[in-house]
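Engineer: here are the coordinates; sequence isn't available:
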């Protein structure tokens with residue numbers, strides 16, 4: 001849910017006022033972008049293995065977390081909407 005809210009703030013910043021139709025269009029565009037990129041594949045290295053990264057968050061007091069690196073997000077629906 002937080003990931004979608006962050007994306008929504010990119011498409012419709014809170015400090016900018018929009019008319020209802022413009023805001024509705026921006027929200028729908030954010031929804032389409034989020035749904036298109038929600039299940040992205042893992043990034044694959046040259047030798048065919050999945051790529052991972054290690055993070056050391058403060059809430060774990062320095063214990064490592066392994067995350068998979070995803071492919072870049074796509075924007076294929078954008079030209080059709082605009």
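Structural biologist: Sure, I can see it. None of these values were measured; they are calculated from a predicted model.
Engineer: Now do residue 74: how many residues are near it, please.
Structural biologist: 11 (other C-beta atoms under 10 Å). Where you see a C-beta, it was placed from the backbone N, CA and C, and this is true even at glycine.
Engineer: before we move on, what about residue 39?
Structural biologist: Counted with other C-beta under 10 Å, residue 39 comes out at 7.
Engineer: which SSE is it in?
Structural biologist: Taking DSSP states H and E as the definition, residue 39 sits outside all helices and strands.
Engineer: got a list of what it touches?
Structural biologist: If a contact means C-beta atoms under 8 Å, 6 or more residues apart in numbering, then residue 39 has no contacts.
Engineer: go on, residue 26?
Structural biologist: Residue 26 neighbours (C-beta under 8 Å, 6+ apart): 11-12, 18.
Engineer: taking the residues you listed one by one, which sit in helices?
Structural biologist: Among the contacts of residue 26, DSSP state H puts residue 11 in helices.
Engineer: Would you format the contacts of residue 26 as TSV with distance to residue 30, neighbour count and pLDDT included?
Structural biologist: Shown next, in TSV, are the contacts of residue 26 (distance: C-beta to C-beta, whole Å; neighbours: other C-beta atoms under 10 Å; pLDDT from 0 to 100):
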residue	distance to residue 30	neighbour count	pLDDT
11	4	16	91
12	7	17	92
18	13	13	94
